[in-house]
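A.B. asks: quick one: sequence plus predicted model below, questions after.
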Amino acid sequence: MGVKQSTVPFAGTNEQYEKLLKVIADHKDEKGALMPIMQKAQEIYGYLPIEVQSIISNELNVPLEKIYGIATFYSQFSLNPKGKYVISICLGTACYVKGAGDILLKLKELLNISDGECTPDGKFSLDSCRCIGACGLAPVMMINDDVYGKITPDDIEGILAKYK
Amino acid sequence: MYRSHVLVCGGTGCTSSGSPKILETLNKEIAKAGIKNEVSVVQTGCHGLCDMGPIIVVYPGATFYSMVKPEDISEIVNEHLVNGRVVSRLVYDATITEEGIKSINETDFYKKQYRIALRNCGVINPESIDEYIGTNGYEALGRALTQYTPDQVIQMIIDSGLRGRGGGGFSTGIKWKLAKGNDADQKYVCCNADEGDPGAFMDRSVLEGDPHVVLEAMAIAGYAIGASQGYIYIRAEYPVAVERLNKAISQAREYGLLGNNIFGTDFSFDIELRLGAGAFVCGEETALLTSIEGNRGEPRPRPPFPAQKGLFQKPTLLNNVETYANIPPIILNGPEWFSSMGTEKSKGTKVFALGGKIRNTGLVEIPMGTTLREVVEDIGGGIPNNKKFKAAQTGGPSGGCIPASKYDIPIDYDNLVNIGSMMGSGGLIVMDEDNCMVDIAKFFLEFTVDESCGKCTPCRVGTKRLYEMLDKITKGNGTMEDLDKLEDLCKYIKENALCGLGQSAPNPVLSTLRYFKDEYIAHVVDKKCPAAVCKALLSYVIDPSICRGCTLCSRSCPNNAISGKVKEAHVIDQDKCIKCGICKEKCRFGAISIR
């Protein structure tokens, strides 16, 4: 995994900043509070740019490198903003043996982005994920909270059209 | 009292196929029919038969409606609930017999199952502590606290023969004993609910369908080892499970089943949730504990074992969800009851997530010692589309592929290890002749390369090299020497990696090399992929006896690789062909095949 730096300028609001400070104050004295704080911070900002990591670092008096280390270790943390519609294609084993690989190829082709990227208009971002636990519906794709099961590459264009 | 109970499955599979809408419509229609006081609607956890969702079960009679649509609901309400006539067009096919419609429990899918860990899933409303208590919930905790000493509880678990359901299969009772044996001012009981195995979702189903069982079992464990604090480490990707656990914890606190002086004794115990953030390695125990402490989830060498120095350097007991789900029934029914099921060294039952090329995908719980054939053919309903069984993969990225020659092997911990796979958390993915085993090995290695934490070199570099060699073979550039190198490197990684993830990462390669070496050789020597999966090794060929020379393929080819005169057989230039498959899609006569 390469170093991920956000390509989009940071535009946090004062309101978000206040919220984050409150979260930090609430959890500060708990044991092992760093991860829950980072998870809440990502909920507030939608992602974890270096600016947000710095705030957490200063407030908790934890070195930024440790926070960056955690942010890049776990796949749930994102240093880049996500699209308006987040597409997750399951590449768990059950989905893979039923052809999820071909669906990912089709999505890449149609959206013209690769895994982990966002379309230039900010509309779609594409992530492959490992098992969302709906193996009975394999292969499975999620767009935000909508689940699409038993899909074929030919279905993709029609599904995407619903979000355009 | 209600005269009828309607269970609507709220498991992940059914929710994904639209059960929330079904529930809403059902409540509306029942109100409209004016039978709200006679019929109770319960949203339950997973029934296991996810393939047939959304599922509704009507009691009495256990009538099983499958693939229900919102527009079917008014018919079910008016015909079945009001007039007492089963709507046969909507019931699950397998329950229809000549003598009429039978109970779901008599179908092949459920008949051979025995449900201990899943006993409440699909039966009770997971959001109601009263329903859990109504099925003897928290009785085991009450008995443990008031009738048994901690040592007696531990002895019961040892005698039951229960082994860890999360992977390695270590004796649960011994683990508890070790944790009890280390004195400290503070100890912890943790639950591994970071189910990261792709293709396994049994823990999720227990957490979503019966969350209280985990809380009760953790409290029993806390009493047994002398801990007052518990942590559940759960994947953030399981929002429904997180929500239900939170609800369950606050209900249990309200009822005094968590907190201070439980059941009026001097035992106090509380539980907190910690959300995982998506790292497979955190399923390894030392990595999980490091992650709860708020660090990168990297494993560390053992000893010291968590039972000595675990979470925050204190003695810690860690079990997974399914293991905990077995604890209350063992306390209630006695260890002999539990150990009467299973094989010599593997007692009780195991939950498997059946998936892949199998008719009944879903969740099954079977006694240890059931054969793979019974699971796939009888319970799973066999392979669809008249295809042949090729292999079953168990143990996820740490396990291996079981070939058809081992179809009749009784499934237990030791048998699976002996044939080069492992129990793991219980994913069971069936593959047919259309799956390429080299490609599957590559798929798992891609996963481990991605998920390797990078701390130790054998895993960080070794798995990457394994992946590269497999990639080379699937592209047709492999040599026979590569196959030997592959095996050597696998053995080296197994012996030298720091944690379970690295040590087991070569298993998918080793097991496919052992049972499907001919497929590797076909890729290396003949430059062919027998299952026609590896794109680089496929060639598209036109059968001249079928080709009518319509020119459609040649006009559609993006790389002008097809030539031929009108009304004469066409030919594909293999050097120019980019294997996009458009010609095969376009051909109206089926003249183009992949070889």
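C.D. replies: Arrived safely.
A.B. asks: surely A:Lys106 is in contact with A:Ile156?
C.D. replies: Yes - contact status for A:Lys106 versus A:Ile156: in contact at 4.9 Å, counting by C-beta atoms under 8 Å. (C-beta placed from N, C-alpha, C; glycine too.)
A.B. asks: of the two, who's got more company?
C.D. replies: When neighbours are counted by other C-beta atoms under 10 Å in any protein chain shown, A:Lys106 and A:Ile156 differ, and A:Ile156 comes out ahead with 23 against 19.
A.B. asks: can you report how many residues lie near the residue of chain B found nearest chain A?
C.D. replies: Minimum separation of chain B from chain A (C-beta to the nearest C-beta) falls at B:Cys50, amounting to 2.6 Å. Close neighbours of B:Cys50, defined as other C-beta under 10 Å, add up to 31.
A.B. asks: same question, B:Gly134
C.D. replies: A count of neighbours around B:Gly134, defined by other C-beta under 10 Å, yields 10.
A.B. asks: ok, it - contacts?
C.D. replies: Applying C-beta atoms under 8 Å, 6 or more residues apart in numbering or on different chains, one finds that B:Gly134 lies in contact with B:Ile124.
A.B. asks: how would you label B:Asn125: helix, strand or coil?
C.D. replies: Here B:Asn125 is recorded as coil under DSSP: H, G, I helix; E, B strand; the rest coil.
A.B. asks: next up, the contacts around it.
C.D. replies: Neighbouring residues of B:Asn125 by C-beta under 8 Å, 6+ apart: B:Val42, B:Gln43, B:Thr44, B:Glu131.
A.B. asks: check A:Ile37 too.
C.D. replies: Neighbours of A:Ile37 in contact, by C-beta under 8 Å, 6+ apart: A:Val23, A:Ile24, A:His27, A:Ile56, A:Leu60.
A.B. asks: need the helices for chain A, in chain order.
C.D. replies: With DSSP state H, the ranges of helices along chain A come out as A:14-27, A:34-45, A:50-60, A:64-73, A:93-97, A:100-111, A:156-161.
A.B. asks: contact residues of chain A facing chain B?
C.D. replies: Taking C-beta under 8 Å from any C-beta of the partner chain as the measure of proximity, chain A contacts chain B at A:31-36, A:38-39, A:66, A:69-70, A:73-77, A:91-94, A:96-98, A:129-138, A:140, A:147, A:149.
A.B. asks: narrow those to just the buried residues.
C.D. replies: Buried by 16 or more other C-beta atoms under 10 Å in any protein chain shown: A:32-36, A:38-39, A:66, A:70, A:73-77, A:91-94, A:96-98, A:129-138, A:140, A:147, A:149, out of the residues of chain A next to chain B.
A.B. asks: so what's the residue count around B:Lys535?
C.D. replies: By other C-beta under 10 Å, the residues close to B:Lys535 number 17.
A.B. asks: how about the nearest residue to the most centrally placed residue in chain B, chain neighbours excluded?
C.D. replies: In chain B, the residue lying closest to the centroid (C-alpha atoms, centre = their mean) is B:Ala200, at 1.8 Å. Leaving aside its sequence neighbours, B:Ala200 sits nearest to B:Gly427 (C-beta to C-beta, 6 or more residues apart in numbering or on different chains; 3.7 Å).
A.B. asks: from memory the one you found sits against B:Glu195, does it?
C.D. replies: No - counting by C-beta under 8 Å, B:Gly427 does not reach B:Glu195; the two are 9.5 Å apart.
A.B. asks: between the two, which one's more packed in?
C.D. replies: In terms of neighbours (other C-beta under 10 Å), B:Glu195 is the more surrounded of B:Gly427 and B:Glu195; the figures are 32 against 28.
A.B. asks: is that one part of a helix or strand, or is it coil?
C.D. replies: Assignment for B:Glu195 (three-state DSSP): coil.
A.B. asks: wait, it sits on B:Phe201?
C.D. replies: Yes - applying C-beta under 8 Å, one finds B:Glu195 in contact with B:Phe201, separated by 6.8 Å.
A.B. asks: common neighbours of these two, please.
C.D. replies: Listed as contacting both B:Glu195 and B:Phe201 by C-beta under 8 Å, 6+ apart are A:Gly133.
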